[in-house]
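Visitor: show me how the following folds:
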Amino acid sequence: MIFVSILPQKYFVEQIAGDTVDVEVMVMPGASPATYEPRPRQMAALAKADVYLAIGVPFERTWLPRIQSTNPKLKIVHVEKKLRKLPMAANAMDIDASPRGTILHDYRNEEASHPEDNTEHNHAMHEHKGMLDPHVWLSPRWVKAMTKPTRLAISKVAPEHAKLYRINARAFTKKLDELDEEIDTLFKPIPAEQRAFMTFHPSWGYYAMTYNLIQIPIEFEGKAPTPKVLEQITSIAKKRNLRTIFVQPQFSQSSARAIADSINASIIVANPLAENWEENLREVSKKLAASFILSE
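Guide: Below is the predicted model of the structure:
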């Protein structure tokens, strides 16, 4: 049995392993990987699991040591360990005031092309930039970089299928390249100055960097904005002529709806934890590209 932290990982594992392994997901639909607490049934199942594929979401820091203590033989594999992590997005005012509207602009192109790096880099980024963004699964390029460690971990559970997993992993990486190109093509006609979008929680940082977009968060320092900050963010949305605000089902939508009402914008639910990962990313991209066109 293989345990994963979030639903998109289940999709990744099944692309490689098909139905040759049983996959269990920790964070249930509608829950947040920042604050999740495993259910008793899950803890019981973990005592019998072979491998846990961690991806760096916040609840893992608290719970993985506890999970390991219930099953000392459990192999915990951090599939994101060698990825180049980015700091969480700054607040909307800092992003709007910075060159080209994003504090990531200095190293965006290099990072998007080379997702993999060493832990020393990640440590340095954490020391100088604050909390690192865990949402690595929302860019096809970062998912592609996680395919090999995922395949190797699965192969240790079912070595008799290792050849099949290599074949499936190659097919999956090809599919990821095709999706990456498809999304990139959607945004190519959009001028750089119009590629800003607003979202309550800054989940889409790797996605935004990959496709040269500007993510403007409503959330301020990890919390819902105060009335004064909300007024400032609304002013930014008006200035940029934003017509769509993305929210995710795991967070409150009240602040986003207040801004949407003030600027006559639409609210679109974009779930970063959807199990049908490929189709979800495709649909979010289409809606986002359409919102850029509407804001012209």
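Visitor: helices of the stretch 151-296 of the chain, start to end?
Guide: With DSSP state H, counting those that start in this stretch as the criterion, the stretch 151-296 of the chain has helices at 162-187, 205-210, 227-239, 254-263, 277-294.
Visitor: now these in CSV, with mean pLDDT, distance to residue 150 and mean neighbour count?
Guide: Every residue, glycine included, has its C-beta placed from N, CA and C. Below are the helices of the stretch 151-296 of the chain laid out as CSV (pLDDT from 0 to 100; distance: least, Cβ to Cβ, whole Å; neighbours: other Cβ atoms under 10 Å):
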stretch, mean pLDDT, distance to residue 150, mean neighbour count
helix 162-187, 97, 8, 16
helix 205-210, 95, 17, 25
helix 227-239, 86, 37, 16
helix 254-263, 83, 33, 18
helix 277-294, 90, 13, 18
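Visitor: got any ranges where this protein has weak pLDDT?
Guide: 98-114, 117-130, 220-222, 294-296 (pLDDT under 70).
Visitor: per-domain residue ranges of it.
Guide: Listed by automatic domain parsing, the domain ranges of the chain are 2-83+137-180, 92-136+189-294.
Visitor: thinking again about what came up before, tell me which of the helices of the stretch 151-296 of the chain sits nearest to residue 87.
Guide: Across the helices of the stretch 151-296 of the chain, the minimum distance to residue 87, taken as Cβ to Cβ, is reached by helix 205-210, at 8.4 Å.
Visitor: elements contacting that closest one?
Guide: If you count contacts as 3 or more Cβ pairs under 8 Å, 6 or more residues apart in numbering; DSSP states H and E, helix 205-210 packs onto helix 108-113, helix 140-157, strand 214-217.
Visitor: tell me the most buried of those?
Guide: Greatest average neighbour count among those goes to strand 214-217 (a mean of 24), per mean count of other Cβ atoms under 10 Å.
Visitor: out of the helices and strands packed on helix 205-210, nearest to residue 280?
Guide: Residue 280 lies closest to helix 140-157 among the helices and strands packed on helix 205-210, at 12.2 Å (Cβ to Cβ).
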